[in-house]
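J.: please work out how this folds:
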Amino acid sequence: MKKFYTSNFKNFSRVTNPVSISRKPPAWYAGKSVTELCPTWNLVSDYKKGHIDSSEYEERYKIELENNGADFNKIIEELPEGSTFLCFEEKGQFCHRHLIAKYINETGNAIVEEL
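T.: Below you'll find the predicted structure:
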């Protein structure tokens with residue numbers, strides 16, 4: 001079973017096989033991106049402005065993932081062992097990367113842990 005990680009761009013220098021899951025990664029980032037896992041800015045903005053809570057965020061994010069054709073088993077198969085999904089939120093803050101970890105863990109085909 002493959003193992004993956006989640007973290008933020010601040011930890012970029014400490015990870016192997018970084019994978020951006022942000023719609024707009026930092027300008028210096030030139031690595032792999034999995035765009036079908038990137039939430040829309042409208043979703044992120046609604047949450048950050050307090051218009052929606054984490055439950056509604058997750059409901060809307062699931063719809064976005066479906067619309068984007070996100071296939072977690074395919075992602076697991078294609079990414080190398082030890083890849084780290086990166087976005088901007090600090091460790092411990094609610095973030096879509098934690099939802100991605102949850103969904104991948106639910107497949108039973110991989111383990112994802114926060115660094």
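J.: center of this protein, which residue is that?
T.: Nearest to the geometric centre of the chain sits Arg97, at 3.4 Å (C-alpha atoms, centre = their mean).
J.: go ahead and confirm it touches Lys91.
T.: No. Arg97 is not in contact with Lys91 according to C-beta atoms under 8 Å; the separation is 10.1 Å. Glycine gets a C-beta too; all of them are placed from N, C-alpha and C.
J.: any shared contact partners between those two?
T.: By C-beta atoms under 8 Å, 6 or more residues apart in numbering, Arg97 and Lys91 have these common neighbours: Ser7.
J.: now for the most far-flung residue of the chain relative to its centre: which residues touch it?
T.: In the chain, counting by C-alpha atoms, centre = their mean, His51 sits farthest out from the average C-alpha position, at 21.4 Å. Contacts for His51 were tallied using C-beta under 8 Å, 6+ apart; there are none.
J.: tell me the secondary structure for it?
T.: coil (DSSP: H, G, I helix; E, B strand; the rest coil).
J.: how about the residue nearest to the centre of the chain, what does it touch?
T.: Arg97 neighbours (C-beta under 8 Å, 6+ apart): Thr6, Ser7, Ile21, Phe85, Leu86, Cys87, Glu89.
J.: perfect, that will be all.
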